[in-house]
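Using only what follows, build the 3D model:
(one chain, ligands or ions: 1)
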Amino acid sequence: MGALQNYINGTWVASKERQAIDVINPASQEVLAKVPFGKNTTSDIHSAVSSASEAFMQWRDIPVMSRVQPLYKLKKLLEGATDELARLITLECGKSYAESKGEIQRAIENVETACAAPLLMQSEFSENVAVGLDEFMIRQPIGVCACITPFNFPGMIPFWFLPYAIACGNSFIIKPSEKVPLAMMKVIEMIDQLDLPKGLINLVHGGKHSVDALLDHPDVKAISFVGSTNVARYIYQRGSSSGKRVQAQGGAKNPVIVMPDSDIEMTARIIADSVYGCAGQRCLAASNIVNVADQKGLVKDALVEAAKSKTTGFGLDEGIEMGPVITPESKERIENLIKKGIREGADLLLDGRNARISGYERGNFIKPTILENVALDGELINTEIFGPVMSLINMDSIDNAIDFVNRNAYGNMACIFTSSGLNARTFRNKAKAGNIGINIGVAAPLAQFPFSGWDESFFGDLHGQGRHAIEFFTQTKVVVERWPKEWARKF
Ligand code: NAD
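Residues are numbered from 1 along each chain as shown. Here you go, the predicted model:
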């Protein structure tokens, strides 16, 4: 099996790197492909930056109305290939087919929003700021931009950046996760059909060597990153110290408060979808559930029932709601965290370890797991698990619950379930997180809104998607203009 090729300067080319690692179906351990991985991917990045730099000089002068036309075509191509893309995502990433289709829908919504660039890029003009003097601001593209993306949404996350960067007049390099490179390669086959300058959009494989080459290259002007917090912090520091603008979205540990006035059945179902969807491998997965004043344990019982009802298996099989986690190492790490939680004093209400899925005995499966009375200062409650594990915490008041939410080092998402407008309003106002859900389990912003992580979940100023993306991918230029009457008389 030959290694996957890069897409540079409008052509598929072999990597300069001879070493490659396996891309593996996490449900079966079948090797799907081999991806270049090693220090020579640095020269692949250099080639991509050089062709993206040339393409930029051409593309920046194309009117924005014309720049968005290929995106309309890309939307149609993505719609036509949704089933094929969803299948690929399930194969390489493990999530259920329905979840993979939902992911592509979100990607398409970002293409649609970026098509509004002619309006979104419009700026401000003030006439007569002083006598005979006008002042205005224009938005110009910044040059070669790049994104580095994680394994959990291979078909969607590059679209938080790519369509906006292109619509704004930049050129682009994608460095997909080495664990799941296939979905974006399929997307590049569609991009190859568009009428774009060669080198405008490039895809280069690899890991840290490719990333560092992007971070250090003087001609790369902006880096968009999504992944774990430690890597996000590193990307932000190294990229910004070499003068680039950087947006780096990191990990999460999302708390959800359940008030006793919520609808118990519906709340439990929505929370179980949030905790166990994508096998818990979502940066917006609910993780710590704070159950307020539930003396009879009604919410607890409903959550256990909702969790038990989830069907785990290979994502392309009929009726499967939850797939495997990404690697055997992830599975081991998650199972160790469960053990740690028990050692820290938690009660195991539902144990998803030792899951056996008939026909997929080698898959990285963990079934839904619930621990109650988890130590508040322990590792389980403060670590991003990124697996199908719920920690249940009992508290006596909304104030204590909000204090708990606000002690979280991350700030990606916080949610509340309640039928009280006052509780909801207090929570919305006080909770320290950038994405808030009120009676919502996965508060994922639509493409028009920024994906607004805070604290350890985000390093930078402007987030992905919507207007933030337009601002990130443009630099402002302010023009102060005067046309003296005296000159008009002279000539
Ligand atoms: P990861 O940090 O391991 O990898 C992300 C990317 O960084 C990959 O492309 C990888 O090749 C590269 N990379 C990995 N280690 C590196 C290093 N030392 N130096 C330079 N580059 C490196 O993340 P992952 O495991 O693929 O994804 C899961 C993480 O992503 C979770 O923490 C999750 O919360 C987070 N995530 C966050 C968001 C968000 O919007 N905040 C969205 C999705 C996922």
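
Surely residue 455 and residue 413 touch.
No. Residue 455 is beyond contact range of residue 413, at 11.7 Å (criterion: CB atoms under 8 Å). To be clear about C-beta, it is placed using only N, CA and C from the backbone, and glycine gets the same treatment.

Neighbour count: the two, which is higher?
Per other CB atoms under 10 Å, whichever of residue 455 and residue 413 has more neighbours is residue 413, with 33 against 17.

Who are the contact partners of the more buried one?
Applying CB atoms under 8 Å, 6 or more residues apart in numbering, we find residue 413 in contact with 252, 254, 283, 284, 286, 433, 434, 435, 436, 437, 442, 443.

now, among the residues you listed, which is nearest to residue 450?
Distances from residue 450 to the contacts of residue 413, taken as CB to CB, are shortest for residue 434 (8.2 Å).

quick one: contacts for the closest one?
411, 412, 413, 452, 453, 454, 457, 458, 463.

And the contacts of stretch 318-332?
24, 26-27, 90, 93-99, 151-152, 179, 276-281, 310-315, 334, 360, 363-368, 386-388.

Please say whether there is contact between it and the ligand.
No. On the criterion CB under 6 Å from any ligand atom, stretch 318-332 is out of touch with the ligand, staying 7.3 Å away.

Check which residues of that stretch are buried.
The neighbour-count check on stretch 318-332 (16 or more other CB atoms under 10 Å) flags 320, 321, 322, 323, 324, 325, 326, 327, 330, 331 as buried.

Report the two of those separated the most.
Using CB to CB, the pair of those lying farthest apart is 321 and 327, separated by 20.9 Å.

Enumerate every residue touching the residue nearest the centre of the chain.
The centroid of the chain falls nearest to residue 157 when counting by CA atoms, centre = their mean (4.6 Å). Applying CB under 8 Å, 6+ apart to residue 157 gives the contacts 147, 149, 150, 226, 464.

Which PyMOL command selects the buried ones in those?
Applied in PyMOL, the following selects the buried portion of the contacts of residue 157 according to 16+ other CB under 10 Å:
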select buried, resi 147+149+150+226+464
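
In strands only, show me the contacts of residue 157.
147, 226 (DSSP state E).

how about the contacts of residue 157, which pair is most distant?
With CB to CB as the measure, no two of the contacts of residue 157 lie farther apart than 150 and 464, at 12.4 Å.

Tell me the residues that contact both of these two, please.
The contact sets of residue 150 and residue 464 overlap at 157, 226 (CB under 8 Å, 6+ apart).

For the stretch 251-400 of the chain, which residues are neighbours of the ligand?
Counting by CB under 6 Å from any ligand atom, the stretch 251-400 of the chain comes close to the ligand at 251, 252, 283, 384, 386.

now with 8 Å?
Proximity of the stretch 251-400 of the chain to the ligand, by CB under 8 Å from any ligand atom, involves residues 251, 252, 281, 282, 283, 284, 326, 384, 386.

Strands of the stretch 51-200 of the chain, residue ranges please.
Secondary structure of the stretch 51-200 of the chain (DSSP state E, counting those that start in this stretch): strands located at 125-130, 133-141, 144-148, 171-175.

so which of those strands comes closest to the ligand?
Closest approach to the ligand among the strands of the stretch 51-200 of the chain is made by strand 144-148 (4.8 Å; CB to the nearest ligand atom).

could you check whether the closest one is close to the ligand?
Yes. Against the ligand, strand 144-148 shows contacts by CB under 8 Å from any ligand atom at residue 148.

who does that strand pair up with?
Here strand 144-148 has these sheet partners by DSSP bridges: strand 171-175 (parallel), strand 220-226 (parallel).

Surely residue 235 is in contact with residue 224?
No. Using CB under 8 Å, residue 235 makes no contact with residue 224, being 9.5 Å away.

between these two, which one's more packed in?
The neighbour count for residue 235 versus residue 224, taken as other CB under 10 Å, is higher for residue 224 (32 against 28).

Hmm, the more buried one is touching residue 164, no?
No. Applying CB under 8 Å as the test, residue 224 and residue 164 come out as separate, 9.5 Å apart.

which residues do the two both contact?
residue 472.

For the one helix or strand residue 230 maps to, buried residues please.
Under the criterion of DSSP states H and E, residue 230 resides in helix 229-241. By 16+ other CB under 10 Å, the buried positions in helix 229-241 come out as 229, 231, 232, 234, 235, 236, 238, 239, 240.

Show me what the helix or strand just after that helix packs onto, helices and strands only.
Following helix 229-241 in sequence order, the next helix or strand is strand 245-249 (DSSP H and E). Counting contacts by 3 or more CB pairs under 8 Å, 6 or more residues apart in numbering; DSSP states H and E, strand 245-249 packs against strand 220-226, helix 229-241, strand 458-459.

ok, the nearest residue to residue 232 once chain neighbours are set aside - contacts?
In space, and not counting its chain neighbours, residue 232 is closest to residue 250: 3.6 Å by CB to CB, 6 or more residues apart in numbering. Going by CB under 8 Å, 6+ apart, residue 250 touches 227, 228, 229, 231, 232, 233, 410, 453, 456, 457, 458, 459.
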